[in-house]
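Asks: Quick one: sequence and predicted model below, then my questions.
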Amino acid sequence: MIEKLKLDQGNTKAAVEVLELAKKLKDEKRKIVVAEIGVGWGATAVELINLLSKDDEYCFFDFDDAVKELQEDLDKINKNQVKLRAYGNSRKYLDSYSWNLAKVLVEGNRKFNLVYLDGAHTFIHDGLSVCLLKELIEKDGYLILDDLNWSLAKSPTCNPTVKPENMDYYSQEQINACQIVMVKNIFLDTDKRYEEIEINKRRAVFRRIG
C-alpha cells in the first residue's frame, strides 16, 4: 500500500494537524493512543509510527483488505515498535468502522487521545461514528474531522455519473450536501464537552474539555 505514496498523486500527504497534535500530546504524556479512521494509502500512518514510541498505540480502521495491507507494510518499517491495532470491516454496504467503534466502546478497555476521522464522509456512517467517538476520547483529547467540503456530487469517485448506484442510495439533497459539516453542526457544535479549536477549508479540530 505505502509504495503508492511515491507516485505523488491522490492522497499522498500526511494530515498536518494530526502530526502536530500527536507531537503536542507526546510532550505532555508518556503514553498516547492514536486512532485513524480511513487510512487512504497510509501517508499519515507512516509519519505517525515514526513519531510515536513503543509505549504508544496506533489504531487504524478501514476495510478488511486495507487494514491487512497496511499492517503488513507498517510491520516492515515499525522501528519504534509502536503497538499496532488493526480494525477491519467488510465491504457490505451497511457495514463500516462504526460497528468496530461500537465494539471498542462496549469492551471498555481502550480510550483514545487523538482521533483522525477521514472515512466515508456520509451522515449514516459518520454521524454514528462521531457519537461513539465522543465517548471514546479521553479528556483533553482531540477529534479531527476531514474533508468538510466533500460531497458525493463533487467526488471524482462517488458522484452518480461514475457510481450510478448512489442515485438509489441517496436523495439528490444528500448527494449535494456536505454531510460531514452536518455531522459537525449537530453532534459536536452542540456538545459542551467539546470545543472547536481550529477550522479551515478542509478540517475541523475539536478538543474534549469535559
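Replies: Okay, I see it. Note that the structure is a prediction, hence the values are computed from the model and not measured.
Asks: in terms of contact, does Asn166 touch Ile175 like I think?
Replies: Yes - counting by C-beta atoms under 8 Å, Asn166 sits close enough to Ile175 to count as a contact (6.7 Å). Placement of C-beta: from N, CA and C, glycine included.
Asks: any common contacting residues for these two?
Replies: Taking C-beta atoms under 8 Å, 6 or more residues apart in numbering as the criterion, Asn166 and Ile175 both touch 152, 159-160.
Asks: host element of Leu101?
Replies: According to DSSP states H and E, Leu101 maps onto helix 97-107.
Asks: Could you list the buried residues of that helix?
Replies: 97-101, 104 (16 or more other C-beta atoms under 10 Å).
Asks: Let me have those in JSON lines, extended by distance to Ala14 and pLDDT.
Replies: Below are the buried residues of helix 97-107 laid out as JSON lines (distance: C-beta to C-beta, whole Å; pLDDT from 0 to 100):
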{"residue": "Tyr97", "distance to Ala14": "20", "pLDDT": "98"}
{"residue": "Ser98", "distance to Ala14": "24", "pLDDT": "98"}
{"residue": "Trp99", "distance to Ala14": "27", "pLDDT": "98"}
{"residue": "Asn100", "distance to Ala14": "23", "pLDDT": "98"}
{"residue": "Leu101", "distance to Ala14": "22", "pLDDT": "98"}
{"residue": "Val104", "distance to Ala14": "24", "pLDDT": "98"}
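Asks: just the buried members of the shared contacts of Asn166 and Ile175?
Replies: Neighbour counting over the shared contacts of Asn166 and Ile175 (16+ other C-beta under 10 Å) leaves 152, 160 as the buried ones.
Asks: so of the shared contacts of Asn166 and Ile175, which ones are in strands?
Replies: Among the shared contacts of Asn166 and Ile175, none falls in strands (DSSP state E).
Asks: nearest to Leu21, of the shared contacts of Asn166 and Ile175?
Replies: Leu152 (28.9 Å; C-beta to C-beta).
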